[in-house]
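Trainee: give me a model of this one.
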Amino acid sequence: MKRVCIALISGILGCIAVSAQPRAIGARIGATGFDISYQHTIGKQDFVQAEISTDFGYASSGQPGFKATAIYNIVFARPAWTEKGTWALFAGPGLSMGYVQDRVVYRSENMVYNMRDYGFMLSAVAQAGLEYTFWFPLQISVDLRPYFGFHINDGIKRKVGDMAEQVIFDGKAGYYGNGWFGFIPTLSFRYRF
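Mentor: Next up, the predicted model:
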């Protein structure tokens, strides 16, 4: 009974400590999509960032893909550039996975086909950025976030009359080329609480 009470009290104190840490929720708008972003401070300044994203990839029209990303960011500098608010320079590693569009190259006899196709993506993520938290609960940040991973596409199929789909190209695994779009700066706006 004593151990149960100690475990219960420790759990409650842990939850209070976690909930007392600063958090932020908002949006991240980038070159290939729109993210719903959540940050949770760990310790005194480092933070975990989790996002659910739509990913338009190469397509400006059509159906977007989606991905989920988690990053552990280390704040390595807090410059005092202004009298009000706080600045932070941060960087960190993470993981991302989703169902997104990417460019796929097929070779058939003497032809090379450059196509865009949807499929599963799994990537390591590297993020570096600068954020400013106002003296009121608003946070703005800009970051770079390239993705380094692979993409397994669904393959290209064509419907022939009323018959079943005919497979033109089978799915194949390759490098996730859209990850390089992460070198385009992305802007975030978050409510800090």
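
Trainee: so who does Gly149 touch?
Mentor: Taking CB atoms under 8 Å, 6 or more residues apart in numbering, we find Gly149 in contact with Ser96, Met121, Leu122, Ser123, Ala124, Tyr175, Tyr176, Gly179. All C-beta atoms are positioned from the backbone trio N, CA, C, and that covers glycine.

Trainee: just the ones of those residues in strands?
Mentor: Counting by DSSP state E, the part of those found in strands is Ser96, Met121, Leu122, Ser123, Ala124, Tyr175.

Trainee: show me what Phe90 bridges to in the sheet.
Mentor: Taking DSSP bridges as the rule, Phe90 bridges to Val75, Gly129.

Trainee: on the strand side of things, show who the residue positioned nearest the centre of the chain bridges to.
Mentor: Nearest to the geometric centre of the chain sits Thr69, at 3.6 Å (CA atoms, centre = their mean). When bridges are called by DSSP bridges, Thr69 pairs up with Glu51, Ser96.

Trainee: now do Arg103
Mentor: Arg116.

Trainee: now the helices for the protein?
Mentor: 2-19 (DSSP state H).

Trainee: just the ones in strands among the contacts of Gly149 now: which is nearest Asn114?
Mentor: Proximity to Asn114 was ranked across the ones in strands among the contacts of Gly149 by CB to CB; first place goes to Tyr175, at 14.3 Å.

Trainee: wait, what's in contact with the nearest residue in space to that closest one that is not next to it in sequence?
Mentor: Among residues not flanking Tyr175 along the chain, Phe150 sits closest, at 6.3 Å (CB to CB, 6 or more residues apart in numbering). By CB under 8 Å, 6+ apart, the contact set of Phe150 is Met121, Leu122, Ser123, Ala173, Gly174, Tyr175, Tyr176.

Trainee: same list (the residues you listed) but as JSON lines, adding distance to Ala27 and neighbour count.
Mentor: Output for the contacts of Phe150, formatted as JSON lines (distance: CB to CB, whole Å; neighbours: other CB atoms under 10 Å):
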{"residue": "Met121", "distance to Ala27": "21", "neighbour count": "25"}
{"residue": "Leu122", "distance to Ala27": "24", "neighbour count": "15"}
{"residue": "Ser123", "distance to Ala27": "21", "neighbour count": "24"}
{"residue": "Ala173", "distance to Ala27": "32", "neighbour count": "12"}
{"residue": "Gly174", "distance to Ala27": "31", "neighbour count": "14"}
{"residue": "Tyr175", "distance to Ala27": "29", "neighbour count": "14"}
{"residue": "Tyr176", "distance to Ala27": "23", "neighbour count": "21"}
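
Trainee: redo those as TSV? Include pLDDT and distance to Ile52.
Mentor: Listed next are the contacts of Phe150 as TSV, based on pLDDT from 0 to 100; distance: CB to CB, whole Å:
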residue	pLDDT	distance to Ile52
Met121	95	14
Leu122	97	16
Ser123	97	15
Ala173	85	24
Gly174	85	25
Tyr175	89	24
Tyr176	91	18
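
Trainee: just give me the closest of these to Arg23.
Mentor: Ser123 (25.4 Å).
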